[in-house]
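[1] sequence? don't have it. structure:
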């Protein structure tokens with residue numbers, strides 16, 4: 001069969017690649033094409049556009065790039081028509097993929113959605129639009145199945161691919177030595193995100209925090225396809241080391257982490273690293289989101305636990321003093337660290353339902369064969 005996949009950011013690229021890997025086991029003659037990144041390309045997906053060219057975050061950033069986004073949507077539609085796949089598999093990346101979902105429905109093409117847009121967080125009526133355009137939805141958070149039931153839609157909960165990726169990780173035993181890290185010195189991971197807009201707001205904050213802790217070694221998880229100048233405020237500090245494209249090895253060895261809200265918060269939790277979640281957005285974007293948001297938390301960790309397991313410092317609270325105070329607490333307060341770890345254990349147990357990639361590939365192939 002011919003599969004067309006669309007992932008618009010690093011996490012979607014990673015999970016898309018693992019899905020492709022499992023689909024190839026079930027369907028050895030499968031062909032793959034689409035929008036994605038290096039991970040998907042390494043698994044044999046012919047890329048039309050790399051996600052690095054279209055990762056926009058926040059309302060203002062999206063509005064200022066509407067023409068560019070529109071061109072990519074048109075290019076994607078034309079490529080789908082030319083390729084004529086048996087199924088289009090959308091992976092997260094809500095705004096872009098919702099447009100492709102409508103196009104697919106309108107042109108009579110089969111749409112599968114893997115990793116649902118976070119419609120439960122805000123503007124929940126979008127669930128009806130998804131139901132109208134998507135043939136099958138494969139969700140990765142336990143509470144999403146109950147959410148969609150409210151819209152009379154029976155979706156498939158397949159487990160969580162982040163846990164799959166963490167379980168599959170083969171640690172680099174020479175990581176500390178390779179990066180000249182002193183094993184006796186606590187290593188703090190900095191995960192500022194994978195989008196330019198995230199880095200512009202979060203990297204300067206992280207740099208100010210680092211200055212308050214000269215006794216520790218910090219390592220910033222950097223993305224090789226982003227401009228190094230985006231990390232410059234951190235790279236100029238003597239106790240900061242860049243780690244390119246080896247985030248999991250960094251987390252495997254970290255004593256604590258400062259993480260931009262997103263999938264990385266869950267990855268950090270599954271590696272059992274106490275963390276602080278930080279988030280800053282354009283002022284206009286933030287206030288619009290604040291008015292629309294329907295959930296109590298922004299991190300996947302706290303959303304899955306349905307309580308505060310880790311501290312979230314958002315917008316004005318994401319300042320050097322508050323972040324430093326919390327970092328000091330998770331590094332020095334043993335009881336506090338143990339409380340966070342206990343919460344992580346609960347989340348791990350909740351998500352540990354088998355391989356999400358394998359479950360999804362099997363269900364997708366069954367549905368395609370049956371149809």
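    Perfect, I can see it now. This structure is a prediction, so every number in the text was calculated from the model and none was measured. Numbers count the residues shown, from 1 in each chain.

[2] what's the weakest-modelled helix or strand in the protein?
    Least confident helix or strand, the chain: helix 59-64 with a mean of 53, by mean pLDDT, DSSP states H and E.

[3] For the stretch 1-150 of the chain, give me the ranges with low pLDDT.
    55-66 (pLDDT under 70).

[4] Tell me where it has helices.
    Taking DSSP state H, counting those that start in this stretch as the criterion, the stretch 1-150 of the chain contains helices spanning 10-26, 38-42, 59-64, 66-83, 94-106, 126-133, 142-149.

[5] got these as CSV, with distance to residue 50 and mean neighbour count columns?
    For the C-beta atoms, the positions are set from N, CA and C on the backbone; glycine is no exception. Shown next, in CSV, are these (distance: least, CB to CB, whole Å; neighbours: other CB atoms under 10 Å):
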stretch, distance to residue 50, mean neighbour count
helix 10-26, 9, 23
helix 38-42, 8, 19
helix 59-64, 18, 14
helix 66-83, 11, 14
helix 94-106, 14, 19
helix 126-133, 26, 16
helix 142-149, 28, 15
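
[6] now for those helices, which one comes closest to residue 164?
    helix 10-26 (6.2 Å; CB to CB).

[7] what ranges do the helices span in the stretch 201-350 of the chain?
    Using DSSP H, counting those that start in this stretch, helices in the stretch 201-350 of the chain cover 232-235, 247-253, 263-270, 283-292, 300-305, 320-332, 334-351.

[8] what's the pLDDT at residue 295?
    pLDDT, residue 295: 68.

[9] And for residue 291?
    Residue 291 carries a pLDDT value of 60.

[10] With adjacent residues omitted, what lies nearest to the most centrally placed residue in the chain?
    Central residue of the chain (CA atoms, centre = their mean): residue 263, 3.4 Å from the mean position. Computed as CB to CB, 6 or more residues apart in numbering, the closest residue to residue 263 that is not its neighbour in sequence is residue 11, at 4.1 Å.

[11] ok, the one you found to residue 232 distance?
    Residue 11 is 25 Å from residue 232, where distance means CB to CB, to the nearest Å.

[12] same thing with residue 210?
    13 Å.

[13] These two: who's more crowded?
    The neighbour comparison of residue 210 against residue 232 (other CB atoms under 10 Å) goes to residue 210, with 25 against 12.

[14] May I have the residues that are in contact with the more buried one?
    By CB atoms under 8 Å, 6 or more residues apart in numbering, residue 210 lies in contact with 190, 218, 234, 237, 239, 240.

[15] Can you tell me which of these is closest to residue 316?
    residue 190 (20.6 Å).

[16] And for that closest one, the neighbour number?
    Residue 190 has 27 neighbours, counted by other CB under 10 Å.

[17] Make sure it is indeed in a helix.
    No: Residue 190 is assigned strand when assessed by DSSP: H, G, I helix; E, B strand; the rest coil, not a helix.

[18] So for it, what's the nearest residue that isn't a sequence neighbour?
    Leaving aside its sequence neighbours, residue 190 sits nearest to residue 220 (CB to CB, 6+ apart; 4.3 Å).

[19] who touches stretch 219-231?
    For stretch 219-231, the external contacting residues (CB under 8 Å, 6+ apart) are 10, 38, 50, 52, 179, 181, 187-192, 194, 196, 199-200, 203, 206, 234-235, 240-247, 250, 254, 264.

[20] Just the buried ones among those residues, please.
    10, 38, 50, 52, 179, 181, 187-192, 194, 196, 199, 203, 206, 234-235, 240-241, 243, 246-247, 250, 254, 264 (16 or more other CB atoms under 10 Å).

[21] The residue nearest to the centre of the chain against residue 300, yeah?
    Yes: counting by CB atoms under 8 Å, residue 300 is a contact partner of residue 263 at 6.9 Å.

[22] tell me, what's touching those two both at once?
    Overlap of the contact sets of residue 263 and residue 300 (by CB under 8 Å, 6+ apart) is empty.

[23] residue contacts, residue 115?
    Contacts of residue 115 (CB under 8 Å, 6+ apart): 12, 15, 91, 92, 138, 139, 140, 161.

[24] wouldn't the first one be in contact with residue 51 here?
    This means residue 12. Yes: with contact defined as CB under 8 Å, residue 12 reaches residue 51; the gap is 7.3 Å.

[25] Need the overlap of contacts for these two.
    Residues touching both residue 12 and residue 51 by CB under 8 Å, 6+ apart: residue 36.

[26] what sits against the residue nearest to residue 32 when sequence neighbours are not counted?
    Ranked by CB to CB, 6+ apart and with sequence neighbours excluded, the top spatial neighbour of residue 32 is residue 45, at 4.2 Å. Shown in contact with residue 45 (CB under 8 Å, 6+ apart): 5, 16, 17, 20, 32, 33, 34, 36.

[27] From residue 18, how far out is the first one?
    Read it as residue 5. Distance of residue 5 to residue 18, computed by CB to CB: 12 Å.

[28] count of neighbours near residue 174?
    Applying other CB under 10 Å, we find 9 residues neighbouring residue 174.

[29] Could you do residue 44 as well?
    Residue 44 has 14 neighbours, counted by other CB under 10 Å.
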